[in-house]
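Student: return atomic coordinates for the entry below.
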Amino acid sequence: MLLHQSTWIEIGQFLERSRSIVIPIGSNEQHGPTGLLGTDWMCPEIIAHEAQKNADILIGPTFNIGMAQHHLGFPGTISLRPSTFIAAIGDWVRSLAGHGFEKILFLNGHGGNIASIEAAFSELYAEASFSGRPSGYALKLCNWWDLEGVNELAHQQFPVGHGSHATPSEIAVTQWAYPDAIKSADYSPQIANTGPIREARDFRARFPDGRMGSDPALATPQKGGELVALAAKGLVKAVETFSSEPKPS
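Tutor: Numbers count the residues shown, from 1 in each chain. Below is the predicted model:
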């Protein structure tokens, strides 16, 4: 069930049987010469939308702009400051909790978001701790590549050249979902170099075509479909496990 394609009456009815929701969250940033700018928000959205086709879970609108300041040296990247990102997550959670959602799972597609999402969770829990009142909700961060079996499958598919940014696994997921948007390029070197992540100019100098340790030419729509199918099953299981956690007495 997709929240943005539902009415408020339908969401009220859903809340009578479940108090859980999944929020796909990612980033709009460069992904090398062939990766789509939306890759990091598209991957969790693709997986979440696939998962809800065969399970009674609710998927919220995709939070598609994240913390990507180190990619701002490449045209098309849009980034929030960490403080802005944290504040926005807080308002999303407060809105949902106000309607009665008690288990809010963020399905993340961008490694650069992790620290800020966890900081947002800490800020929200601190509100409850300092007020002396229970928050009434629980928050969970889940990276799509950490869903059950996904990392293992990706490294079976791409034992060499997977890397850490503009990876063939994430490119493959978008190729499966958007076959008309598949791009090609000649890479030099075939497998990109690796190194630290700092500010935008430094990143562009270290990684001139945007890749980090990866060979996106290894991606195929078939491999992407395999990853999506496995990740969708893993998400359903993760939501079921999270939803079944007992509330504090």
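
Student: give me the low-pLDDT residue ranges for the protein?
Tutor: Where the chain drops to pLDDT under 70, the residues are 248-249.

Student: which residues of it fall in helices?
Tutor: Secondary structure of the chain by DSSP state H: the helices cover 8-15, 39-51, 82-99, 114-131, 150-157, 168-177, 200-206, 221-243.

Student: for the shortest one, C-alpha coordinates in CSV please.
Tutor: Put plainly, it is helix 200-206. As requested, the backbone C-alpha atoms of helix 200-206 are provided in CSV (Å, rounded to 0.1, in the frame of the first residue of the first chain):
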residue,chain,number,x,y,z
ALA,A,200,33.4,18.5,-2.7
ARG,A,201,36.5,19.8,-4.4
ASP,A,202,38.7,17.2,-2.8
PHE,A,203,36.2,14.4,-3.9
ARG,A,204,36.2,15.6,-7.5
ALA,A,205,40.0,15.7,-7.6
ARG,A,206,40.3,12.2,-6.1
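
Student: other SSEs contacting that helix?
Tutor: Applying 3 or more CB pairs under 8 Å, 6 or more residues apart in numbering; DSSP states H and E, one finds that helix 200-206 contacts no other helix or strand. All C-beta spots, glycine's among them, are computed from the backbone N, C-alpha and C.

Student: nearest to Ile57, out of the helices of the chain?
Tutor: helix 221-243 (5.2 Å; CB to CB).

Student: re the thing from before, looking at the helices of the chain, which is closest to Ile21?
Tutor: Closest to Ile21 of those, according to CB to CB: helix 82-99, at 6.2 Å.

Student: returning to what we had before: which among the helices of the chain is found nearest to Gly60?
Tutor: With CB to CB as the criterion, Gly60 lies closest to helix 82-99 of those, at 7.4 Å.

Student: from the contact counts, what lies against that closest one?
Tutor: Contacting helix 82-99 under the criterion 3+ CB pairs under 8 Å, 6+ apart are the following elements: strand 103-108, helix 114-131.
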